[in-house]
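Student: let's see this in three dimensions:
(2 chains)
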Amino acid sequence: MKAAPFHFHQPATLAELAGLLTSLSNARILAGGQSLVAMLNLRLVTPDHLVDINKIADLATLRQTGGTIEIGAMVRQHTLLHAPLIAQHLPVLVEALGHVGHMQTRSRGTIGGSCCHLDPSAELPAMCALLDAAFTVNGARGRRIVPASDWFAGLMQAALAEDEFLESISITPWSGKHGYGFAEYARRHGDYAIVGAGALLEADGEGTIKRAALVLFGCDTAPQRLPQAEAALVGTRAANIDFAGLAAAARAQEMMSDAQVTAAYRARLAGIMMHRAVKAAQGRLNKERP
Amino acid sequence: MSARYFGASVARSEDARLLIGQGRYVDDIDMPGMLHVAFVRSPMAHARLKAVDLAPARAMPGVVAAYTMEDFAGLAEGPMPPMAPHPLIKQPLTCHPLARHELCYVGEAIAMVVAQDRALAETAALAVMVDLEELPAVADARAALQPDAAPVHLGRDSNLLASLHTQFGDIDAAFEAADHRLTETFATHRGGCHAMECRGVVASYDQREDHLSIYTSSQAPFMVRRQLANYLSRDEQTIRVAAPDVGGGFGPKANVYPEEFALALGALKLGRPLKWIEDRQEHFVATNQQRDQFWTLEVAFTASGRILGLKGHGIHDSGAYAPYGVILPANALVCFPGPYAMQAIDIRLDVALTNLVPTSPVRGASRPNVAFILERIVDKVARHLGHSREAVRAASFVRAAQMPYFTGGVARDGSRVSYDSGDYQVALDMVLEKIGAADFTTRQRDALKRGKLLGLGLAACVEDTGIGPFEGASLRVTPRGKLVIATGAAAQGQGHATMLAQIAADVLSIDMADITVEAGDTGRFPLGLSTVGSRIAVTAGNSVHVAAQKLRSKALHFASLKLEVGADDLELSEGAVQVKGVPGLKIPLADIARALAGTTGVPLPGGMEPDLAATAYFESSGVTFAYGSNACEVEIDTETGDTRVTRYVVVHDCGRMINPMIVDGQIRGGVIHGIGNALFERMLHDEQGQPLTTTYGEYLLPMACEMPNIEIHHIETPSPRNPLGVKGAGEAGTIPAAPCVISAIENALEFQLGKAAPFITHHPVSPLDVVEWLDGGQG
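Tutor: I've put the predicted structure just below:
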C-alpha cells in the first residue's frame, strides 16, 4: 500500500498550474487528498505526475460577488461548515457538510476535490447539483463556465479536459425564506451515504410553491435531479404536498446494486430520504432563520 | 498483606509512553543496512502454480533480492510445522512460508521481494511474472462438504478436515423425558481481528554469533521461536523472538505465520536485516480470520422452561489450512452447555476446508458463537412457552449451591469441566434491575410516539478463563533497590505491566514507580506460551504473586540473620526490611540485593543462595469460570431498518479484580467487538472465493458514533482455584454481546409484529434484514 513512483509538482500560481497541465501527460491534481492519496496508495491510480495545488492561494478564497457566492476549489470542507456566509445563504450546504466524513477529513478535504472526484454517494456534488452551481474551469486555453447539469460526465468523471482544472464553484442563493431539507442514510456516521436526498422550496406569501429543486444521490452513477417532480410541486400549496407521490418518484429513479446493498433497498431509502428532505424543507419554508 | 495497589484503579504505567508516541512497535525498529520486503500473493482462491519468474523484479531499481521457496533449499523445506497437532487431524495441513505448487486462497504468499524501501519492493513485486492455472474454488463451508464439491487441496479426497464430537448423559432419555422439543438452524459469522497495528516482522541474522533475531507483532513469541527452531533445525538459544509494543492482538496474532518464517529465511540467506509491515489490504487476506459456523440443534425442555438436553451438529469453516489445528472448533464444543445445567448433550462439529483465508480464534474464539446459539435457543424456548426470557434462564441456570459444578463435558485437556464459583441468577437479577426492565414497556410505548421501535435484549454467559499450564514470572531486586519482573507472557495493550506490578508492589511494599516489567521476549525469560483465552491475570498474575512471596521470604531471612531477629518480628515497608515497632532498625532491599550479588572471597550469610530473586510457574488447580449477564436496548427506525444500540448494561464476575479500570476497559472494548459482530462486520466473498470487503469502506467496523454508553457492574466472587482469587476478563465483553443485541432486535419486532415476528438465527443483522422482517414478518 505504497504509491507507485510519480513526479511531484507544487505550483504557486494559477498560471504555473495551467502551464504544468499543458506540458505534462498522465498528471493528477492533488487537492485535500482524502480520496486521492488512498487511491494512490492502493495503486488504483498511477499518475506519472502529481500536481499539488495546496500552495495556490487564489484557489482558496470564499467570497460574495453581487448575488453569487463564489467558493474557491481549495476551500476546505471545515471552512465551509463554519463560514457565516454559507450558513446565511446556503444552509442546505451546511447541513450536508455535517455528514461529510469526520472532522479530521473535513479539515483537509476540499469542495473542489470532492466535486472532481465525484463519488456517486458524495454529498457535496449532490448539493451543487441541487443548487444549480456553476463550475468555473480554467486552463491554458482560458476560462469557461460549466453548469451543474453538464458537470457530471460519467461515473467519477467530471467535465474537465486533461489540461484544465476546477477554479471555483459559483452558487446563487435562493431567497432568504426558502425552505431546505437534507436527509441521508449511512450505516455509520461519516460514511458515504447509501442514499441521500436534498430539497429546496420557495413559496409566495400565500404558501403556494413558486420554485422547487430536488436531488437524490447514491442511487445512480451521479446525483439525480427530479425535474418532473419539481415541476409538479410548483403551483401547489406547500401545506398540500403529495409526499407519497414524491417518494414514488424517488423510488422510480435508476438504482445501482452492489454486494451489500440491493437496488430494491436503495429504492426504498430513496423514497424515505426524499420524503424526509422535502418534509424538512416544508417545515422551514417562509420561516425566519436565526 | 495490606493491599495498597491490588483492587485499585491504578493509572496504567504504559500509557504515558504510548500516548506521546514513545511506544516501540515493530515498525519503529530500524537497523543499519535494513531492507524492506513486499510479498507477491495469490490473486486466485485456488490455482496451480506453474511457474514464477523473478527476473523482471530482480532487474527493478532498488531491488536487492527476490525469492521463492526454491531459493531457500538447504536452509529449510516443506510446509510449516503445525502449532497444535490433534489426533483427529490425520494429515497436518499447513502452508509453506512461500507456496510451492498450489495456491489455496487469495492472499497466499508466493514470493518475496527485498528492496531499499517498501514502495520499491511493492513496485517490483508487481513485476514478478506468475503463471497460474485456475482451479475450481470452494467458498462456503457447507458447499465444501457436499459429495460433488471440488477439492480445496488437490490430492485430498475430502474437504472434511476432522469431525469433532462431544456428549454426556443419556440424550435419548433426556429427549424422552421432555415435554417439548424444537429444532433450529443457525448461521453465525465473525470477521477478522482488525487490530490497530497490523502484523509486522523484523528479522536479522548475526553470522559471527550464529544468532537469529526476530521482532514480531505477536501474542506468542515463544511459540514462534519453538516452531522456527523446529523448521530451521536450530537450537532455540540461537534464536531470539521478541514482541515489542503490540497494538492489539485479539487472537489472530497468536499464530505462527508464513511471513515470520519467510523473513527469517530471507535474513539467513541475505545476511541483512529485513522488515515487513503488513498493510491494511494484506490484513484482509493474510491474517487469520474467524468467519462462519453453521449449526442445526434440537433442544428438549420441560413445560416449566427447564432445558434438559441439546443435540445436533455444526459445520465450521477452517479456511484453506489448519495452522492452529482444530483449536477453534474444539473450543466451540467445550462451550456447551454454557451457564445451563443440562442432563445430556450430543453434538458433532464438522471442520470443513474452504479456499479462504485460514481461520483461528478471534476474541472469544468460538465462545461468542456458542453463546449466540445457546441464548437464542433459550429465547426461543421462552417464546414457545409464552414465558419470559428471564424465567427460562432462571429455570435452567446452574445454581450457586451446585458449585463446583461438573457440567458433564470434557475440557480440551481431557479433564472434566467444572465451574468453580459464582451465582448466575444474582447477575441476571442485577442486570434486569440496572437496565430498568420493570418499566421497559413504558419506554417502549414512548419510543413508538417518536416512530421508533424499542427492544430489550438479554444474554447470559459463562467463560472458561485462565487455562494452564503456566505463564511464569521472575522477580529480581537490583542493587539500586528496583524490582524487575520478567515474564514470558506478551502484552498487546492490556496493561499487563501495570497489573503485574500492582501484585508485586503489595507483597514487597515497593512503590509502583520502582518496578519495571519485561515481557514477551525469549531473550529475557526462558519459557512462555501465549496470551490467549483471558489467561494472563490467572497464570502470570499468580506466578508474580508466588514469586513475590518467595522473594519476600528470602529478604526476611537475610535480614533475620543480619539483625539477629526472628523473621516473624520483621516486615517489609517502603523498600526495606524493618524490625516491627523499631523504626530505625531496617535494611533496605537494595543492601540485601547488593549483599546477595556477592563479593569475591566473601561467603554469603548463612549459606544463602545468591541473588535477591525468585521465579515461579504457578499452575492453576483448574480453569476459572467467569460469568455474567448483559442487557441492552436497541432502537429501530421502522422505515430504514436502521438499528442502534442505545443502552448497554454489563453485570460481570471475574473474581477479585486487580485493577477495575483495566477490567472495565477490557469489557467495554469487548462489548464493542460484539456489537460489531451483531450489526456491522461481515467478511464477504464471491462464489470464486474472491474477497469483496477489503477496505474499511466495505468492511464496517463499529465506530464511536454508533456505540452506546456501556454501563458496567461487578460482582466479585473470588475463585477458589488460585491464591489471588482472580478470573480472566479479556473476552468477557464480546461473548454475550451479539446474542444480547439480537435478542433486543427480536424483542422490538415482537412488539410490532406479535407472533409473526421472526426468530432471528443469524448475525450480523443488517438494515436490509430488518426491513424485510418488518415488511414480511417472516424470519
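Student: so in chain A, which helix runs the longest?
Tutor: Ordering each helix of chain A by length in residues (DSSP state H) puts helix A:263-284 first.
Student: neighbours around B:Leu126, how many?
Tutor: Here the number of neighbours of B:Leu126 (other CB atoms under 10 Å in any protein chain shown) works out to 16. For the C-beta atoms, the positions are set from N, CA and C on the backbone; glycine is no exception.
Student: skipping adjacent residues, who's closest to the residue nearest to the spatial centre of chain A in space?
Tutor: By CA atoms, centre = their mean, chain A has its centre lying nearest to A:Pro125, at 1.8 Å. Take A:Pro125 and drop its neighbours on the chain: the residue closest to it by CB to CB, 6 or more residues apart in numbering or on different chains is A:Cys115, 5.1 Å away.
Student: repeat for B:Ser530
Tutor: Excluding its sequence neighbours, the residue lying closest to B:Ser530 (CB to CB, 6+ apart) is B:Ala220, at 3.9 Å.
Student: tell me which residue of the stretch 651-779 of chain B lies closest to chain A.
Tutor: Of all residues in the stretch 651-779 of chain B, B:Cys705 sits closest to chain A, at 3.8 Å by CB to the nearest CB.
Student: correct me, but that residue touches A:Asp191?
Tutor: No: counting by CB atoms under 8 Å, B:Cys705 does not reach A:Asp191; the two are 9.9 Å apart.
Student: give me the more crowded residue out of those two.
Tutor: Ranked by neighbour count (other CB under 10 Å), B:Cys705 and A:Asp191 place A:Asp191 first, with 19 against 11.
Student: which SSE is immediately downstream of the one helix or strand A:Asn138 maps to?
Tutor: Under the criterion DSSP states H and E, the helix or strand holding A:Asn138 is strand A:134-139. Tracing the chain past strand A:134-139, the next element assigned as helix or strand by DSSP H and E is strand A:144-147.
Student: chain center to that next one, what's the gap?
Tutor: From the chain centre to the centre of strand A:144-147 is a distance of 15 Å (CA atoms, centre = their mean, to the nearest Å).
Student: and for stretch B:259-270?
Tutor: That offset, for stretch B:259-270, works out to 27 Å (CA atoms, centre = their mean).
Student: report the rounded mean pLDDT for that stretch.
Tutor: Across stretch B:259-270, the average pLDDT comes to 98.
Student: do it and chain A meet?
Tutor: No: remark: stretch B:259-270 sits outside contact range of chain A, by CB under 8 Å from any CB of the partner chain, the gap being at least 15.2 Å.
Student: contacts for that stretch, please.
Tutor: With contact meaning CB atoms under 8 Å, 6 or more residues apart in numbering or on different chains, stretch B:259-270 is reached by B:35, B:37, B:39, B:64-65, B:67, B:71-72, B:75-76, B:80, B:97-98, B:109, B:112, B:114, B:199, B:201-205, B:212, B:214, B:216, B:218, B:224, B:228, B:231-232, B:273-276, B:278, B:286.
Student: near chain A, which residues of the stretch 651-779 of chain B?
Tutor: Within the stretch 651-779 of chain B, the residues that sit near chain A (CB under 8 Å from any CB) are B:680, B:682, B:684, B:686, B:692-693, B:695, B:697-698, B:700, B:702-703, B:705-706, B:766-768, B:771.
Student: same thing but 6 Å
Tutor: Where the stretch 651-779 of chain B comes near chain A, counting by CB under 6 Å from any CB of the partner chain, the residues are B:684, B:692, B:700, B:703, B:705-706, B:768.
Student: can you check chain B too?
Tutor: Residues of chain B found near chain A (CB under 6 Å from any CB) are B:118-119, B:122, B:279, B:281, B:639-640, B:684, B:692, B:700, B:703, B:705-706, B:768.
Student: can you tell me which of those residues is nearest B:Val602?
Tutor: B:Arg118 (56.3 Å; CB to CB).
Student: okay, now the closest one: neighbour count?
Tutor: B:Arg118 sits with 18 neighbouring residues when counted by other CB under 10 Å.
Student: alright, I will stop here.
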